[in-house]
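[1] One predicted model, sequence on top.
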Amino acid sequence: MPTAVVTWYEVWKTIHVLLAVIWVGGALMLQVLALFALRSRLPGRKAEFAGEAEKVGMRIFAPAGLILLVMGFILVHQGHWGYHTWVVLALIAYGLSFLTGILFLGPESGRIKRVIEAEGPDSPAVAARIQRILLVSRIELAILLLIVVDMVLKPGQ
């Protein structure tokens, strides 16, 4: 009976794909939960959601995104892929998404918390900031989905 042999390439690829699922799936789930929070009539629910989203972003998405990137470089090297168009497109889109997360989404979540402390969780300023952050995060989700399409179709290969 033959035994299964798993290569290091397959291990790195599995980690890469699992982290992509966590990152993209998590971003999609946050959008769904945001809709629930925005429709909630519970006092302070929108503000509570903003705080939860910040925690998830900084504790799950940022580390997953960094490890995902490292695994991608390892895969390109070990798989002798080279930096074809599809790899470069993915790196550009990844960079946009990652920078959006660490330069806007995370810090803006912190700013929302400060406005909540100053004006209360149901103030118009909080609602406006939450709407803005959700718009940006929807654009980021679209970028993440385009990366998935890019990885599957590999244009220019």
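    In hand now; what should we look at?

[2] mind listing what's buried in the helix of greatest length in the chain?
    Looking across the chain with DSSP state H, the single longest helix is helix 8-39. The neighbour-count check on helix 8-39 (16 or more other Cβ atoms under 10 Å) flags 12-13, 15-16, 19-20, 22-24, 26-27, 30, 34, 37 as buried. Placement of C-beta: from N, CA and C, glycine included.

[3] where does this structure have its least confident helix or strand?
    helix 45-56 (a mean of 82; mean pLDDT, DSSP states H and E).

[4] hmm, back to that, of the buried residues of helix 8-39, which is the nearest to residue 65?
    Nearest to residue 65, judged by Cβ to Cβ, of the buried residues of helix 8-39 is residue 23 at 5.9 Å.

[5] I figured the closest one hits residue 68, correct?
    Yes. Between residue 23 and residue 68 there is a contact at 6.3 Å, judged by Cβ atoms under 8 Å.

[6] Output the buried residues of helix 8-39 as TSV; include the columns distance to residue 78.
    TSV is the format used below for the buried residues of helix 8-39 (distance: Cβ to Cβ, whole Å):
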residue	distance to residue 78
12	7
13	9
15	12
16	11
19	17
20	17
22	22
23	21
24	23
26	27
27	27
30	32
34	38
37	42
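
[7] residues touching residue 97, list them.
    By Cβ atoms under 8 Å, 6 or more residues apart in numbering, the contact list for residue 97 reads 65, 140, 143-144, 147.
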